[in-house]
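In: Got a predicted structure plus its sequence, pasted below:
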Amino acid sequence: MKKYSILFCIFLLGLIVHGQSKISKNNANNCPQAYGPVPTPAQLAWQKMEMNMFCHFGPNTFTGLEWGAGTEHVDIFKPTALDCNQWVSVAKQGGFAGIIITAKHHDGFCLWPNPMSTHTLRESSWRDGKGDILLELSEACKNGGIKFGIYISPWDRNAPTYGTKAYNKVFIKTLNHAHSNYGEIFEQWFDGANGEGPNGKKQIYDWKKFNLQTLKKQPNAVIFSDIGPGCRWVGNEEGRSGRTCWSRLEVKGFGPGLDAPSQDTLNCGNYNGESWVPAETDVSIRKGWFWRESEHPKSLQELLKIYYNSVGRNSLLLLNVPPDTRGLIPSEDSLRLIEFRSSIELIFADNLAKKAKMIKASNVRSCGSTDYYKTQNFYDPHRMVDDDYDTYWATDDSVYTAWVELQFDSLQTFNRVMLQEYIPLGQRVASFSIEIEQPNGEWKTIAKETTIGYKRILLCETCTTKKVRLMIDKSRACAIINYLGLFLDEIYSE
């Protein structure tokens, strides 16, 4: 009898385990499914960086030109106090997660001893031809805990084979050398510039092979060009992403440079784009891309505007901060960057949404569990304020319009609203608005926009209220929001 009792207990335990596995499976089955194209792990990690530093540095630093002719003598490049550790220190103090260096600009001069060129540091008298800025900067980045990226322009005004089929092989070997000797590269930046003037050389680039070569050596690198495949140009150099900004892009039939989509398309993305190619906003802290003594950094107000119009519009900000002829980032630039980062941290230090006594939604997705607590809380709107990127409020699959309401015990004053979609499952929201309850009990719309994406920051009038609503007016699939923040910015004024 005892034997059968033991067997019965084992059987009963098996039923319980099977039931728990079934519930777990149901939970997994009821997780929202991906909608449309989604980011790769490398693209997601790149987007989370939010701000990176660009460093334009080369012969143009010493000539004052933006585009060199390629005929400049190699000895013109002679920084007197180069210190890549200083660049990294400035980047970290400014809040940047990575640095991208112009390893080769259009003039063809290479900041490393590229064996495929005779126009490099190896031929210069600087450091007796033994200089290697890619090596110094990659090591400084590694030691400083930030990521290292490179810009290599396909255009080369010095290479004798440029304009012929042979040049593509030369360029691929150039990429191979740069990608093989300096550790992990988080982003490869390809400029689409092409040409020597109306009667000059024209090169037909083999972009497919360039990309394949990059990923062969650097499989996690995000490749920048007008059409990606990793990220795209935002369509201007003014520090401005589109008010509507999809991370989706239609790339078929297009290419970098002269074959790129329109600048409006690059700025806004494509509603039905088949590829995930998020926008990168490149802009310089000074008027030009290379350092000039006559130029000075943008004001704090200008930088904050750029931040709101780039990071705040579903784009990554790539801010150019050029080293001077010493090989150092000037103190006026570094001080401005410290001021910039401090201001951002101060503005977004206190998320008022966390003070809400109640956060309710018109619809909360069922998690497929028989556990009441899980059913009520797995996709609950409180998930938007828990500071966990991988938790979120979600609606049922059939629900494309919904609202979330925050109620406070006391009046709250704010003028910034931050939202984030959970982009590992795609970009969904096509229209949304923010409302506040007025003293007379009526609701007032204070902002109405289209896309959210990785991050959206709304600049609205300064409001004081006890109730705030997020209205999802149109979502292309069930809404998935993983962050909601309310902030008071007393620094930036339009």
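Out: Received, thanks.

In: Met358 - how many residues pack around it?
Out: The tally of other residues near Met358 (other C-beta atoms under 10 Å) stands at 12. For the C-beta atoms, the positions are set from N, CA and C on the backbone; glycine is no exception.

In: Now do the phi/psi pair for it.
Out: Main-chain dihedrals, Met358, degrees, to the nearest 10: phi -150, psi 130.

In: With adjacent residues omitted, what lies nearest to it?
Out: Leaving out its chain neighbours, the residue that sits closest to Met358 by C-beta to C-beta, 6 or more residues apart in numbering is Gln407, at 4.3 Å.

In: right, and the secondary structure at the one you found would be what?
Out: Three-state call for Gln407 (DSSP: H, G, I helix; E, B strand; the rest coil): strand.

In: is it true that it touches Arg469?
Out: No - using C-beta atoms under 8 Å, Gln407 is not in contact with Arg469, being 10.0 Å away.

In: more crowded one of those two?
Out: Arg469 (17 against 14).

In: who's in contact with that one?
Out: Arg469 is in contact with 403-406, 434-437, 443, counting by C-beta atoms under 8 Å, 6 or more residues apart in numbering.

In: Show me what it bridges to in the sheet.
Out: Counting by DSSP bridges, Arg469 forms beta bridges with Glu405, Glu435.

In: quick thing: my sequence starts at 8, can you match it?
Out: Sure, I'll start counting at 8 from here, so that last one is Arg476.

In: Could you measure from it over to His63?
Out: According to C-beta to C-beta, to the nearest Å, Arg476 and His63 sit 45 Å apart.

In: What mean pLDDT does stretch 169-178 get?
Out: Average pLDDT, stretch 169-178: 96.

In: Distance from it to the middle of the chain?
Out: 32 Å (C-alpha atoms, centre = their mean, to the nearest Å).

In: What residues of it count as buried?
Out: Buried residues in stretch 169-178, counted by 16 or more other C-beta atoms under 10 Å: 169-170, 174-175, 177-178.

In: Name the surrounding residues that touch that stretch.
Out: With C-beta under 8 Å, 6+ apart as the test, stretch 169-178 has contacts from 123, 161-163, 166, 168, 203, 208-213, 216-217.

In: before we move on, back to that, pull the contacting residues for the residue nearest to Met365.
Out: 363-367, 473-474.

In: again, only this time at 7 Å
Out: Counting by C-beta atoms under 7 Å, 6 or more residues apart in numbering, Gln414 touches 363-365, 473-474.

In: I'd like those as TSV, with pLDDT, secondary structure and distance to Arg299 appended.
Out: Output for the contacts of Gln414, formatted as TSV (pLDDT from 0 to 100; DSSP: H, G, I helix; E, B strand; the rest coil; distance: C-beta to C-beta, whole Å):
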residue	pLDDT	secondary structure	distance to Arg299
Ala363	98	coil	50
Lys364	98	coil	55
Met365	97	strand	56
Lys473	98	strand	53
Lys474	98	strand	52
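
In: just the buried members of the residues you listed?
Out: Among the contacts of Gln414, the ones that count as buried by 16+ other C-beta under 10 Å are 363, 473-474.

In: List the beta-bridge partners for Asn59.
Out: Bridge pairing for Asn59 - DSSP bridges - gives Leu325.

In: That one reaches Lys99, doesn't it?
Out: No - assessed by C-beta atoms under 7 Å, Asn59 is found out of contact with Lys99, at 11.9 Å.

In: out of these two, which sits in the busier spot?
Out: Remark: of Asn59 and Lys99, Asn59 carries more neighbours, 23 against 17, as counted by other C-beta under 10 Å.

In: what sits against the more buried one?
Out: Going by C-beta under 7 Å, 6+ apart, Asn59 touches 103-107, 323, 325.

In: farthest-separated two in those residues?
Out: Farthest apart among the contacts of Asn59 by C-beta to C-beta are Ile106 and Leu323. That separation is 13.7 Å.

In: where are the low-confidence patches of the stretch 158-307 of the chain?
Out: Filtered on pLDDT under 70, the stretch 158-307 of the chain yields the residue ranges 204-206.

In: could you pull out the helices for it?
Out: Along the stretch 158-307 of the chain, counting by DSSP state H, counting those that start in this stretch, helices occupy 172-187, 214-224, 270-275, 307-317.

In: tell me the angle of the longest one relative to helix 214-224?
Out: This means helix 172-187. Angle, helix 172-187 to helix 214-224, by axes from the mean of the first three to the mean of the last three C-alpha atoms, to 10 degrees: 20 degrees.

In: just checking, which of the contacts of Asn59 belong to strands?
Out: Judged by DSSP state E, those include 105-107, 323, 325 as members of strands.

In: which among those gets closest to Pro86?
Out: Within these, proximity to Pro86 (C-beta to C-beta) peaks at Ile106, which comes in at 16.4 Å.

In: ok, that closest one - contacts?
Out: By C-beta under 7 Å, 6+ apart, the contact set of Ile106 is 59-60, 62, 94-95, 98, 144, 148, 153, 155-156.

In: Swap in 6 Å and give it another go.
Out: Remark: with contacts taken as C-beta atoms under 6 Å, 6 or more residues apart in numbering, Ile106 is in contact with 60, 98.

In: Kindly report the same for Ser322.
Out: Listed by C-beta under 6 Å, 6+ apart, the contact set of Ser322 reads 241, 248, 286, 288.

In: How much space separates the third one from Asn316?
Out: In this structure, Ala286 and Asn316 are 11 Å apart, going by C-beta to C-beta.

In: More neighbours: which of the two?
Out: Between Ala286 and Asn316, counted using other C-beta under 10 Å, Ala286 has the larger neighbour count: 25 against 22.

In: ok, what's across the strand from the more buried one?
Out: On the basis of DSSP bridges, Ala286 is bridged to Arg239, Ser322.

In: Surely it and Asn243 touch.
Out: No - using C-beta atoms under 6 Å, Ala286 makes no contact with Asn243, being 10.6 Å away.

In: hmm, back to that, only the buried members of the contacts of stretch 169-178: can you turn that into a PyMOL selection?
Out: Restricted to buried positions by 16+ other C-beta under 10 Å, the PyMOL selection for the contacts of stretch 169-178 reads:
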select buried, resi 123+161+162+163+166+168+203+208+210+212+213+217
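
In: Kindly state the pLDDT recorded for Ser31?
Out: Here the pLDDT value assigned to Ser31 is 35.

In: try the one 5 residues further on
Out: Per-residue confidence (pLDDT) for Asn36: 42.

In: And Thr87, by the same measure?
Out: For Thr87, the pLDDT comes out at 98.

In: So it belongs to a helix, correct?
Out: No - judged by three-state DSSP, Thr87 forms no part of a helix; its state is coil.

In: Point me to the helix or strand that includes the closest residue to Met425 other than its chain neighbours.
Out: If the residues on either side of it in the chain are set aside, Met425 comes closest to Gly492, at 3.8 Å by C-beta to C-beta, 6+ apart. Using DSSP states H and E, Gly492 maps to strand 487-494.

In: Quick one: mean pLDDT for that strand?
Out: On average, the pLDDT along strand 487-494 is 98.

In: That strand pairs with which strands, parallel or anti?
Out: As defined by DSSP bridges, the strand partners of strand 487-494 come to strand 400-401 (antiparallel), strand 409-428 (antiparallel).

In: Only the buried residues of the longest one, if you could.
Out: If I follow you right, that is strand 409-428. Residues 409-413, 415, 419, 421-428 are the ones in strand 409-428 that count as buried (16+ other C-beta under 10 Å).
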